[in-house]
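**Q** no sequence on this one, just coordinates:
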């Protein structure tokens, strides 16, 4: 059987436990679960060192001690997920802490090991399952993204040129003024981030008013509903890179609401614009003046 080498990052400040894991992986050839596998272990002793090396190198799995001196409990997990959202993480604790373990899984952990019950079988099984689970998550995430983008593309294609659109714009913004399209996409992406913060932390970033202002800019450039869908789709693709499945889904869910809200504001803008044009009184000088 062909040999597959798994690159493993061990984040552990306990020298005894680090030595045990290294020994178990070195002698893994005697374990049935490790057939066809070998392991290349990289050890760091704190969270800071882990974050630094993750910026330079990819790993197949991370073994993370939840009692690090510079990263207690879930905080270390969250910080690593920010740097390496697609690398599976197996958390370790000294004692059985059910609440902490459940919280770790909710925050994106792919496996759990209790140090005092550690042996070759449980360690290698946890590594294999964590990697397979992450591969499945990545596959599902990709399928969901493709489905969402296909739906947006169908929506864009289904939008018929309205009277407003025919009055103002004949070409898509991304084609006729790509630099403006890029700027508007960046702004919209920033508003999506603020919208997620509003929902998660119960703060007020006045996103609705910012969307209304963005709609006015779109109206100034004679944008159509199709342009809004294009901007939304592009921003969503950018935001979906290098984030975990939960964050992708959050962007998708929040984005659907903000897409409709922005379309409503653009419609309101054009309605006011059209009424304003109709109310203009144009005077022509008479021959007697």
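**A** Cool, the structure landed. Model, not experiment: these values are computed from the prediction.

**Q** use CA for all of it now, contacts and neighbours both
**A** Fine.

**Q** burial count for residue 212?
**A** Neighbours of residue 212 under the rule other Cα atoms under 10 Å: 19.

**Q** tell me the pLDDT of it.
**A** Predicted confidence (pLDDT) for residue 212: 94.

**Q** show me the contacts for it.
**A** With contact set as Cα atoms under 8 Å, 6 or more residues apart in numbering, residue 212 has these partners: 262, 265, 266.

**Q** distance of the first one relative to residue 211?
**A** In this structure, residue 262 and residue 211 are separated by 6 Å, where distance is defined by Cα to Cα, to the nearest Å.

**Q** about what we covered before: between the contacts of residue 212, which sits nearest residue 54?
**A** Checking the contacts of residue 212 against residue 54 with Cα to Cα, the nearest one is residue 262 at 38.1 Å.

**Q** my guess is the closest one contacts residue 215, does it?
**A** Yes - the pair residue 262 / residue 215 is scored as a contact, 6.3 Å apart, by Cα atoms under 8 Å.

**Q** by contact count, what packs against the longest helix along the chain?
**A** Selection of the longest helix in the chain by residue count, based on DSSP state H, yields helix 120-158. If you count contacts as 3 or more Cα pairs under 8 Å, 6 or more residues apart in numbering; DSSP states H and E, helix 120-158 packs onto helix 15-26, strand 61-65, strand 89-93, strand 111-114, helix 225-239, helix 245-278.

**Q** may I see the buried residues of it?
**A** Buried positions in helix 120-158, judged by neighbour count with 16 or more other Cα atoms under 10 Å: 120-121, 123-124, 126-128, 130-131, 134, 141, 144-145, 149, 152, 156.

**Q** now that helix: how far from the chain's centre is it?
**A** Put simply, helix 120-158 sits 12 Å off its chain's centre (Cα atoms, centre = their mean, to the nearest Å).

**Q** now stretch 71-88
**A** 14 Å.

**Q** residues contacting it, please?
**A** 46-47, 50-51, 54-55, 59-62, 64, 66-68, 100, 103-104, 107-110, 130-131, 134, 138, 242-244.

**Q** quick one: mean pLDDT over stretch 139-150.
**A** Here the average pLDDT along stretch 139-150 is 72.

**Q** make that stretch 217-228, sorry
**A** pLDDT averaged over stretch 217-228 gives 89.

**Q** for stretch 232-248, same thing?
**A** Mean predicted lDDT for stretch 232-248 stands at 82.

**Q** what's around residue 90, how many residues?
**A** Neighbour number of residue 90 under other Cα under 10 Å is 27.
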